[in-house]
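Asker: coords below, sequence missing:
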Ligand SMILES: NC(=O)c1ccc[n+]([C@@H]2O[C@H](COP(=O)([O-])OP(=O)(O)OC[C@H]3O[C@@H](n4cnc5c(N)ncnc54)[C@H](O)[C@@H]3O)[C@@H](O)[C@H]2O)c1
């Protein structure tokens, strides 16, 4: 068995736990959360014996092979670094760190210590997204020339919606570029098979002052009537639009917005080629649309039988049974643990997995977005 620990049992920590508990050959043996009471509740529910408020308690435990870091952004650097130095294989939440310098150090440390790393850019693991990427690589839409899209949410619509993501000390220099822009950019680069090299960004803060509840607020939690609030000036963006240049002359644009009423997690990606177009939307994630000029457009539904053979393994249910967010995360974790099993057996592994190198590149793009926005000019990605 591969023994795993999870740090952070907030919103995404529980999603990790749900996926890990289904994974063959893997067992979760320890949980850590500075909110010990909450971690104890989940440890009991998931029957995990070891629970601590301080992840350092298990750093030197050689029986723990891999650790998932599900803490807020400002802790990713310190915790990931400590884990790598302690010889753990690390699957981290995104963004990899608060800035590109930290992310680069993590990537270099992982390489020095020869550790397997992964970063949870989960949306690329929907079977229809893998299929889109395979079609681009097979030349089925011709040469990609442009990309369009968006990532919309509405959980921060009201001025009484508050989250740690608005504070620089927790998020770094941008909220939306790092929080949801990083997901869209990972998807776009993965499907277009090309890296973003230059950006022109316009970030906005629609509510410059928000009302923070004096009680504890959990991510995505519903507001409760009768709460007391304090006014807080907002340091970071809650929305924006970015023009991008990819390698090979591909150009594109995307909008990020956490105040788009009714759009819960709407991720839109459209990739245009010289022969055909591809479109995917997270509201109907099983579907891949292929647009053609001289014949009828095509709608494909995820299917282990009908997809490109190298992507069929991601469609884990018989055709017609839709997969979802937990399944995409399970697919990413499977890639990570399959590779780990091979490495532990002394065999080479080259997983189809976003790793700390990708996490570093994303942070370099986020920095370019912030520089472009502040200086009102195109900014090159320095990586
Ligand atoms: N990949 C995705 O789709 C996805 C989705 C949501 C969040 N995320 C990422 O996951 C991370 C966590 O986000 P969230 O929404 O779950 O936040 P959250 O606030 O719901 O949970 C964070 C948890 O970390 C715990 N924590 C804080 N300090 C700690 C410490 N020193 N040691 C141990 N635990 C500590 C908190 O008590 C809390 O339980 C963020 O980096 C976010 O960007 C990724």
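Answerer: That came through fine. All of these numbers come straight from a predicted model, not from anything done at the bench.
Asker: Give me every residue in the stretch 1-150 of the chain lying close to the ligand.
Answerer: Residues of the stretch 1-150 of the chain lying close to the ligand by C-beta under 6 Å from any ligand atom are 7-13, 32-35, 38, 55, 70-73, 75, 93-94, 120, 122. Backbone N, C-alpha and C define where each C-beta goes, glycine included.
Asker: Now the buried members of these.
Answerer: Buried members of those, counted by 16 or more other C-beta atoms under 10 Å: 7-10, 12-13, 32-33, 38, 55, 70-73, 75, 93-94, 120, 122.
Asker: Helices - which of those land there?
Answerer: Those of those mapping onto helices are 12, 13, 38, per DSSP state H.
Asker: residues in contact with the second one?
Answerer: Remark: with contacts taken as C-beta atoms under 8 Å, 6 or more residues apart in numbering, residue 13 is in contact with 6, 7, 33, 42, 68, 70.
Asker: Can you report how many residues neighbour the fifth one?
Answerer: This points to residue 68. Counted with other C-beta atoms under 10 Å, residues neighbouring residue 68 total 26.
Asker: isn't it right next to residue 9, touching?
Answerer: No - using C-beta atoms under 8 Å, residue 68 is not in contact with residue 9; the gap is 10.6 Å.
Asker: Tell me who's in contact with the closest residue to residue 40 other than its chain neighbours.
Answerer: Leaving out its chain neighbours, the residue that sits closest to residue 40 by C-beta to C-beta, 6 or more residues apart in numbering is residue 51, at 5.5 Å. Residues in contact with residue 51 (C-beta under 8 Å, 6+ apart) are 30, 31, 32, 36, 39, 40, 43.
Asker: 6 Å instead?
Answerer: 31, 39, 40, 43 (C-beta atoms under 6 Å, 6 or more residues apart in numbering).
Asker: Can you tell me the SS state at the third one?
Answerer: Just to be clear, that refers to residue 40. helix (DSSP: H, G, I helix; E, B strand; the rest coil).
Asker: What does the pLDDT read for the residue nearest to residue 40?
Answerer: Looking at residue 51, its pLDDT stands at 98.
Asker: Mind listing the strands whichever strand or helix holds it pairs with, and their directions?
Answerer: Using DSSP states H and E, residue 51 maps to strand 50-52. Neighbouring strands of strand 50-52 in its sheet, by DSSP bridges, are strand 26-32 (parallel).
Asker: sorry, back to before: is the residue nearest to residue 40 in a bridge, and if so with what?
Answerer: Here residue 51, judged by DSSP bridges, has bridge partners residue 31.
Asker: distance of it from residue 32?
Answerer: Distance from residue 51 to residue 32, counting by C-beta to C-beta, to the nearest Å: 7 Å.
Asker: what do you get for residue 377?
Answerer: In terms of C-beta to C-beta, residue 377 sits 43 Å off from residue 32.
Asker: do the same with residue 241
Answerer: Applying C-beta to C-beta, the value for residue 241 to residue 32 is 38 Å.
Asker: what's the pLDDT at the closest residue to the ligand within the chain?
Answerer: In the chain, the residue that lies nearest the ligand is residue 10 (1.8 Å; C-beta to the nearest ligand atom). For residue 10, the pLDDT comes out at 95.
Asker: Spit out the contact partners of it.
Answerer: Contacts of residue 10 (C-beta under 6 Å, 6+ apart): none.
Asker: any chance you could read off phi and psi for it?
Answerer: phi -80, psi -150 (degrees, to the nearest 10).
Asker: show me the contacts for residue 97.
Answerer: 76, 77, 103.
Asker: if we go to 10 Å?
Answerer: 73-78, 80-81, 103-107, 172, 178, 356, 359-360, 362-363 (C-beta atoms under 10 Å, 6 or more residues apart in numbering).
Asker: Provide the secondary structure category for it.
Answerer: Going by three-state DSSP: residue 97 is coil.
Asker: what about it, distance to residue 342?
Answerer: 28 Å.
Asker: name the element residue 253 belongs to?
Answerer: Assessed by DSSP H and E, residue 253 sits inside strand 251-257.
Asker: so does that strand get close to the ligand?
Answerer: No - Strand 251-257 stays clear of the ligand (C-beta under 6 Å from any ligand atom), getting no nearer than 13.6 Å.
Asker: Point out the other helices and strands that that strand packs with.
Answerer: Using 3 or more C-beta pairs under 10 Å, 6 or more residues apart in numbering; DSSP states H and E, the elements in contact with strand 251-257 are strand 144-152, helix 176, helix 182-192, strand 196-204, strand 239-246, strand 266-273.
Asker: let's see 8 Å
Answerer: If you count contacts as 3 or more C-beta pairs under 8 Å, 6 or more residues apart in numbering; DSSP states H and E, strand 251-257 packs onto strand 144-152, helix 182-192, strand 239-246.
Asker: now what about the shortest one, what contacts it?
Answerer: Counting by C-beta under 8 Å, 6+ apart, strand 239-246 makes contact with 147, 176-177, 181, 185, 188-189, 192, 194-206, 251-259, 369, 373, 378, all of which sit outside it.
Asker: Check these for burial and list the buried ones.
Answerer: Here, 16+ other C-beta under 10 Å leaves 147, 176-177, 181, 185, 188-189, 192, 194-201, 203, 205, 252, 254-259, 369, 373 buried among the contacts of strand 239-246.
Asker: What does the pLDDT read for the nearest residue to residue 383 once chain neighbours are set aside?
Answerer: In space, and not counting its chain neighbours, residue 383 is closest to residue 364: 3.8 Å by C-beta to C-beta, 6+ apart. Looking at residue 364, its pLDDT reads 98.
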